[in-house]
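Student: my questions are about this predicted structure, shown below with the sequence.
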Amino acid sequence: MKNNIDLDYNLALEIIDDIKNDPMGAWFDLPDNFPDSELARIKETAKKINETSDYLVCIGIGGSYLGARAVYEALLPLKNGKTKLLFSGNSMSEREIKKILKEIDGKDFSLNVISKSGTTLEPALAFRIFKEELIKKYGKTEAKNRIFVTTDPESGVLREEANREGYTSFEIPLGVGGRYSVLSAVGLFPLAVAGVDVEKLLDGARECKLSQTSPEKIEDSTLVSYAFTRFYLYDEENCDVEVLASFEPSLMYFNEWWKQLFGESEGKDKQGIFPASVIYSTDLHSLGQYLQDGRRNIFETFLRFGAPSPKRENPIFVPKLNDDSDGLKYLEGKTLAEISETALSATISAHSSGGISTIEISVEDEDGSGVSEKSLGFLIFFFETACAISAILHGVDPFDQPGVEKYKKEMFRLLGK
Ligand code: PA5
């Protein structure tokens, strides 16, 4: 991280206070205020779904989709949940819907429709289609037992339908907007169904909140340093693109979640840093060339999870050969994780020497489990808070998205609504 930046810790604390007091800042308290009774209901309902369903089709878009998918995909190689998640309602593609219909054909499934407003077109269309499938397969009464709604606590067509039909429902608290909602029932319910330890996710977020945002810790806060550094790079060094980089392909949807969070929060009033992402080492053989030698309007933020502990993760070692016919003798005895860690350090060093400002964010569980519920919970809260601080430094409201409405208006006009 750059160290020639004057970090104004008092300003950081003031901004954090503003976030807490914002009517849309209730997400900041989710890690320590999540009601125990609601968590218990989430887990119980998840267990029932595990008994009845091979698949849970999660229907939602944007903030009502990406957080759950980010954590699910990141942990998928490690989890063996009884119910698999499928994601729909996040595009208007017929092919995608057909793919999912094919996958659930002959299998037991339930639906979790997630929409705060209840009126977003993509999930509303997918809900109609999958509800019809559910009724065809199970009949009207049983279908109702297989529909789970996550929406506004008070209003909207989904809330009305849930009340009218008696669906099991969860609330998205009023002060929690879509892209800040993964640690509410929006993310926790489907993730619990998938076998993710959602309490550990909240533990990680709580740990981040305590260690990164409390007044006693603020001067050691990587989170504050990150938020201020990215603003400095934008404001003083004309870097208007940030590339989030990691060496773990299963973090692809974490990148997507991160891009949506920053893009929708900051891209306003003709300003903001454009959020982009790469997965290395794959992209070192693609965008790596541009990062090394292209236009210098970019800075790069590396995520480092630490090599997974050999004991826990059953490491893959480079096999030993009697000869050196493939030229890899020098790597024998090393694990793939060690080699990847070294490649990460080498990439930071190469890109820095190419004139790219680099930021490194390291998260490690005390048990050395690398990408885990706890480290993901930590990072989710880390980026949510850093994003809100950064948007406020840019002078824009982190919690609205007026630009998204414009395309909707035009589309509805053309569709004759
Ligand atoms: O972050 C946001 O607020 C948006 O991305 C919304 O989550 C997205 O537009 C979906 O909205 P809704 O949950 O109302 O269907």
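Tutor: Great, that's in hand. Residues are numbered from 1 along each chain as shown.

Student: what ranges do the strands span in the protein?
Tutor: Ranges of strands in the chain, per DSSP state E, are 55-59, 84-88, 109-114, 147-151, 168-171, 241-246, 274-279, 298-304, 357-362.

Student: as JSON lines, those strands with mean neighbour count and distance to the ligand would be great.
Tutor: To be clear about C-beta, it is placed using only N, CA and C from the backbone, and glycine gets the same treatment. Formatted as JSON lines, those follow (neighbours: other Cβ atoms under 10 Å; distance: least, Cβ to the nearest ligand atom, whole Å):
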{"stretch": "strand 55-59", "mean neighbour count": "26", "distance to the ligand": "10"}
{"stretch": "strand 84-88", "mean neighbour count": "21", "distance to the ligand": "13"}
{"stretch": "strand 109-114", "mean neighbour count": "26", "distance to the ligand": "7"}
{"stretch": "strand 147-151", "mean neighbour count": "25", "distance to the ligand": "8"}
{"stretch": "strand 168-171", "mean neighbour count": "19", "distance to the ligand": "13"}
{"stretch": "strand 241-246", "mean neighbour count": "22", "distance to the ligand": "18"}
{"stretch": "strand 274-279", "mean neighbour count": "19", "distance to the ligand": "14"}
{"stretch": "strand 298-304", "mean neighbour count": "22", "distance to the ligand": "21"}
{"stretch": "strand 357-362", "mean neighbour count": "18", "distance to the ligand": "22"}
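
Student: how about these in TSV, adding mean pLDDT?
Tutor: Shown next, in TSV, are the strands of the chain (pLDDT from 0 to 100):
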stretch	mean pLDDT
strand 55-59	98
strand 84-88	97
strand 109-114	98
strand 147-151	98
strand 168-171	98
strand 241-246	98
strand 274-279	98
strand 298-304	97
strand 357-362	96
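
Student: kindly reformat these as a markdown table and extend each row with distance to T120.
Tutor: Below are the strands of the chain laid out as a markdown table (distance: least, Cβ to Cβ, whole Å):
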| stretch | distance to T120 |
| --- | --- |
| strand 55-59 | 10 |
| strand 84-88 | 13 |
| strand 109-114 | 10 |
| strand 147-151 | 11 |
| strand 168-171 | 17 |
| strand 241-246 | 26 |
| strand 274-279 | 22 |
| strand 298-304 | 30 |
| strand 357-362 | 32 |
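
Student: for D326, which of those strands is the nearest?
Tutor: D326 sits nearest to strand 274-279 of all the strands of the chain, at 25.3 Å, using Cβ to Cβ.

Student: each with direction, which strands does that closest one pair with?
Tutor: strand 241-246 (parallel) (DSSP bridges).

Student: what does the stretch 151-300 of the chain have sitting close to the ligand?
Tutor: 177-179, 264 (Cβ under 6 Å from any ligand atom).

Student: try it again with 5 Å
Tutor: 177-179 (Cβ under 5 Å from any ligand atom).

Student: of these, which is the nearest to the ligand?
Tutor: G178 (2.1 Å; Cβ to the nearest ligand atom).
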